[in-house]
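# When you get a sec, could you give me coordinates for this:
(chains A, B and C)
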Amino acid sequence: MKTVLTINGQQVSLDIDTRVTLLDALRDHLGLYGSKKGCDHGQCGACTVIADGRRINSCLTLAAMHDGETIITVEGLAHGEALSALQQAFLGHDGMQCGYCTPGQLCSATAMLEEARAGRASQVTDDLTTPAPLSRAEITERMSGNLCRCGCYSGIVAAIEEVAAE
Amino acid sequence: MRPFDYQRPAAPEAACQGMSASPHAAYIGGGTNLIDLMKLGVMAPDLLVDVNRLGFDTIKDLDDGVEIGATVRNSDLADDPRIRVRWPVLSRALLAGASAQLRNKATTAGNLLQRTRCPYFQDIDVPCNKRKPGSGCAALGGELRNHAILGTSEHCVAAHPSDMAVAMQALDAQVVIRDADGQTRTMGLDHFYRTPGDTPHIETRLNPADLITGVRLPAPLGDRQVYRKVRDRASYAFALVSAAAVMQLKEGRIEYAAIAFGGLGTQPWRDPKVDALLTGARPSEALFEKAGDVLLRSAELREGLEFKKPLAHRVLKAVLTEATQ
Amino acid sequence: MTIDYQIDDPENANLPHPNGHGPLGADMERRDGRDKVTGAARYAAEHAPDGLLHGVLKRASGMGTVCLTNVQEVEALAGVRLVLQDERMIRNAAQGTAGEAPVQGVDTADYIGQPVALVVADSSEIARDAANLLKVQSVGDDLPVLPKHGETDPDMQENSVTGKPQDAFDKAPVLVDATYTTPSLTSAAMEPHAAVAEWDGDRLTLYGSLQMLRYNRAELADCLGIEPDQVRLRAPFVGGGFGSKLGISADCVAAALAARALGRPVRVVQHRRQVFEVNTRRSETRQRIRLASHSDGRLTAIGHEGRVSNLPGEEFAEPLLQASYFNYAAPHRLLRSEMVRLNRPAAGSVRAPGAAVGVTAFEIAMDELAQKTDVDPVELRLRNLPDKEPGNGRPFSSHRLADCLTEGRDRFGWSDRAAQPRQRREGEWWIGTGMAAAVRVNLVMDAEARVRLTPEGRAVVETDMTDIGTGSYTILGQIAAEALGLTVADVDVTLGDTDLPPGSGSGGSVGAASTGTAVWLACAEIRRDIAARMGRKPEDLELEGGDVIVGNDRRPLMDLLSGETLSGHGKLAPGEALEKVRQATWGAVFAEVAVNDITGEARVRRMQGTFAIGRVLNQRTARSQAQGGMVWGLGLALTEAMVHDARDGHVVNRDLAEYNVPVHADVPYLDVCLLDDQDE
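Residues are numbered from 1 along each chain as shown, chains lettered A, B, ... in the order given. Sure thing, here's the model as predicted:
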């Protein structure tokens, strides 16, 4: 199956088995191992990438379904040597231990901040008709699709809070 | 996953045609459920017809309602200003489901059609009448928790896992279906699902090549809308019990009531007797207690599921109280 | 040369010596953090040698003799290279520090979910499909899977009686007699176990997701029937372990065998569902706890009797009683545990084995006693602290539990709470508070490390120690920088490679103390060389800012090296000190929890942990470790339980959707206080 993707600003052409997920295309066919395979079933968020501006679980979608789309992975978050504000804040607050969920947390948080700016609501938003400030409860609810087994949630949330406040 | 062909048609005709080409073909929308099950070997289509580029990705205004395109993402549906204002129970239900990542991918039609989370259904090494008709049910006598207590049979106790469909059930949603001949028909969601009986593998009244093109929501008949979900952790978990209430009060009486439930039934559950009991009555604790009794009068409390009866009772009472305050 | 050091006496010199303003103990950024936030860190499965093939393990769906009934059909599928069923394959992961093969031979399945074959193909998609198509039949008798049906293993009992506990229970003014059960639990590290194996002649290189490489190398060699020096293990990054990667795992052995058979590198990644079955779980427990006390809560007798389980043949028993030997003072003590043999997935170490469930149950009983005696729970614990180890009178190397309790109490605002239950309500939610003491035995293990000081004045730390998220890269670099008077930027740390000196590995919370000391010893050897070059004694030497200082003589280290590399090798062994003193770490955790009156849902609203864990080498990474432990406590208490099917013992909820690891929304901000804690 021929598929063209723009990944972190670079256009790539693939000719792959229809069964190849977007995650496996990134990892096994393009050598972009930053996106992690924690469960392969949409239950952990480690594979989160940003496809056409939306955060998704790349393990639960076929590469072929994304033909023509723009994908951002953790490898595309920094600008050259300059880390993104979130990446920097994760270092500052030690929002990681083993690091395996970290790329997913970062991609997810990057898109989450955009969603919040666009006024999207969450389960814990009191009033659906007015945009909610990004409280701690809002952040943790919106980030709940990303598990961290080391238990770094405090550091991750502190990092997000720091960037959200900027 | 078994090998499969993949088509991405640009028009509904081609999609239906593709589906007709193989008895084992499947439509794919978001894929969040289908690919999950294909990896486990639970589903094995030989052809996937991608419906994402058929133009069913918008929410259109109808006379006094809306038609939600089949491939509108759950996140976009929850975010739509019309839905947020007039059908907030639907926004709430959507936002209570899955994770932001999954909602960004999952579609309206796919959500209606998602398969059960019964762990025995997902395990190809054990019998399951839903997965392999006639093979038996490993869940019976097994470990039950996220299973149904309403609508079950001795062949299947699997619960429907959707949050969205529970709200839609309470909103009298109509499924818009295009058949293989290009004819469009609508079907009430109350009629859309089938109870398992002795054919738990047949979950809906869709015909093989039928294509869901959208879901119509009529004008809401109640402005008091509540969705409540109980689960084993604070987020990113399926419902143990959920309830959607759409109610209208007039002069201290319940003028309209439509209550639907998740986590309890083999399908998004709505019981006309519950609605009828409430309609016209004055809200009271006794009335809400009775509504619970009516709802759960025929509940099958298999071992491990006993907790669902008191929990459902209490959740219903809380939801009715909140909606009538 | 090597500096050997065996800790035979309580070490009060507090090696390494901080000079007060060096990098040791500082709040420093994780040195591998940048690789982790940019996606550059490479975990086991992320190595792809040329010609890589992909293997998928196949599980048993029943117990007994296994027969693969359609091997030829599966091997005939396009792209399938091999269906491997080899007598050297293992049934479950090795226990921690085993150093030898676990039970081998997969023609028999001891439990449902056991690996019985490996399917190797050109792509992971083909291999997964072929494994799904492979048919496995098993024939055997029903084996016990429920604790009530299992037989007690007479060789796996623990029985310790001090004084006359039964008399004390009989005569106690106040008696708590409670029985608690805890379910099976699992590590569920985010990175699934994975291996990439490649042979060069008769030498194997394997990238694995493993915690303790020195033991894992011996285990893998033993499995394969080769010498350990034919095996090179590499694990530069490990995506969490929590005990599940202590021993060599099924993927490693299968990948090595398949790579050998096919003459091509093979990658085997455990499916998430296999991670739940093939690696060790924390045993379910039943614990009876009896506390006899005076009316003021002072304990007269302690009873802790437990039952755990494991697969037949496995020599690990969840060490439930570990802390109950010394947690509280009481003249009479009854400590017993037994193990029943069950054909469930093997049990082994899961984060804080013994303590996580043993201390938890004990602390719940203490709360029962607080309730019965009407003594404040913190005060009750303070009243019962021992000044020496009960029973044998051994001194504690340090005992800061009282400080943890009082400091934590103040930080949490414990005195503001309503002491009786159901006093505070917010809407539907009842708000309650609770606390527990935390006790964990301390261990030291064999560890070696090499440090090289290059002519450019850079230090290179080398050991096969792993960093599973604990911060090894960071703290070992800090130790070397401190010892050699360098900045951490001047130190490179290479880990996770068995070609390097064997560190302790990561497990049992021994890594920092054991491998850290080995690094310090290696640096001490370098310091000795430098001193010799200056004609001085090492203790006269001060290293700072890349300079050597002796009295008023200060000169750049590089000048002294004059183009040479100095190398030091440190070797640490645990000695008699572990017997002479009781070593433990201490803590107190406080929580405010809301419980919904309608649904019973529980939400933790805030949590405070105060810990004395020895010298803190890096405030930032240590705080993360403590927070992680608190999240695990939250999961243990509220969300996690592995469900076994009562009919055949298989794990029903073997994925991350149904096994509820706490998510972001479950976890409040976790306040952590680390007390300064050095042995005196």
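
# Distance check, C:Val616 against C:Pro345.
Distance, C:Val616 to C:Pro345, by C-beta to C-beta, to the nearest Å: 36 Å. From N, CA and C alone the C-beta is placed, and that goes for glycine too.

# next one: B:Asp271
The value you get for B:Asp271 to C:Pro345, if C-beta to C-beta is used, is 42 Å.

# again with C:Trp520
From C:Trp520 to C:Pro345 the distance is 40 Å (C-beta to C-beta).

# which strands and helices sit next to the helix or strand of chain B with the lowest mean pLDDT?
When each helix and strand of chain B is scored by mean pLDDT, DSSP states H and E, helix B:12-20 comes last, with a mean of 93. With contacts defined as 3 or more C-beta pairs under 8 Å, 6 or more residues apart in numbering or on different chains; DSSP states H and E, helix B:12-20 has these neighbours: strand B:5-7, strand B:25-28, strand B:47-50, strand B:211-217.

# can those strands go into CSV with extra columns for mean neighbour count?
Formatted as CSV, the helices and strands packed on helix B:12-20 follow (neighbours: other C-beta atoms under 10 Å in any protein chain shown):
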stretch, mean neighbour count
strand B:5-7, 17
strand B:25-28, 22
strand B:47-50, 22
strand B:211-217, 24
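
# I'd like to know which of those is closest to chain C.
Relative to chain C, the nearest member of these by C-beta to the nearest C-beta is strand B:5-7, separated by 13.1 Å.

# The closest residue to chain A within the stretch 151-300 of chain B: which element?
Going by C-beta to the nearest C-beta, chain A is nearest to B:Ser235 of the stretch 151-300 of chain B, at 3.7 Å. According to DSSP states H and E, B:Ser235 maps onto no helix or strand at all.

# Tell me if I'm right that it and C:Val663 touch.
Yes - between B:Ser235 and C:Val663 a contact is recorded at 5.3 Å, counting by C-beta atoms under 8 Å.

# Give me the common contacts of the two.
Both B:Ser235 and C:Val663 are in contact with A:Thr140, A:Ser144, where contact means C-beta atoms under 8 Å, 6 or more residues apart in numbering or on different chains.

# Relative to the whole chain's centre, how far out is stretch C:311-321?
Remark: stretch C:311-321 is offset 16 Å from the chain centroid, using C-alpha atoms, centre = their mean, to the nearest Å.

# How far does that stretch stretch from one end to the other?
Stretch C:311-321 has an end-to-end distance of 20 Å (C-alpha to C-alpha, to the nearest Å).

# ok, residues contacting it?
Applying C-beta under 8 Å, 6+ apart, the contact partners of stretch C:311-321 are C:92, C:95-96, C:102-103, C:110-111, C:156, C:158, C:160, C:280, C:282-283, C:285, C:287, C:304, C:306, C:308, C:310, C:335-337, C:339, C:341-349, C:353-354, C:357-358.

# where do the helices sit along the stretch 51-200 of chain C?
C:71-75, C:124-133, C:165-171 (DSSP state H, counting those that start in this stretch).

# Next, format the ones you listed as JSON lines and append distance to C:Gly546.
Formatted as JSON lines, those follow (distance: least, C-beta to C-beta, whole Å):
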{"stretch": "helix C:71-75", "distance to C:Gly546": "62"}
{"stretch": "helix C:124-133", "distance to C:Gly546": "49"}
{"stretch": "helix C:165-171", "distance to C:Gly546": "61"}
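
# Would you mind finding the most buried of the ones you listed?
Among the helices of the stretch 51-200 of chain C, ranked by average contacts under mean count of other C-beta atoms under 10 Å in any protein chain shown, first place goes to helix C:124-133 (a mean of 23).

# For it, what does the pLDDT average out to?
Mean per-residue pLDDT for helix C:124-133: 98.

# Nearest residue to C:Val269 in space, please, no chain neighbours.
Among residues not flanking C:Val269 along the chain, C:Ala194 sits closest, at 4.2 Å (C-beta to C-beta, 6 or more residues apart in numbering or on different chains).

# For burial, what's the neighbour tally of the one you found?
Counted with other C-beta atoms under 10 Å in any protein chain shown, residues neighbouring C:Ala194 total 25.

# same check, this time on the one 5 residues further on
Each residue near C:Trp199 was counted by other C-beta under 10 Å, and the total is 19.

# For PyMOL, what selects the buried ones among the contacts of stretch C:311-321?
Listed next is the PyMOL selection for buried residues among those, using 16 or more other C-beta atoms under 10 Å in any protein chain shown:
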select buried, chain C and resi 92+95+96+102+103+110+111+156+158+280+282+283+285+287+304+306+308+310+335+336+337+339+341+342+343+344+345+346+347+348+349+353+354+357+358
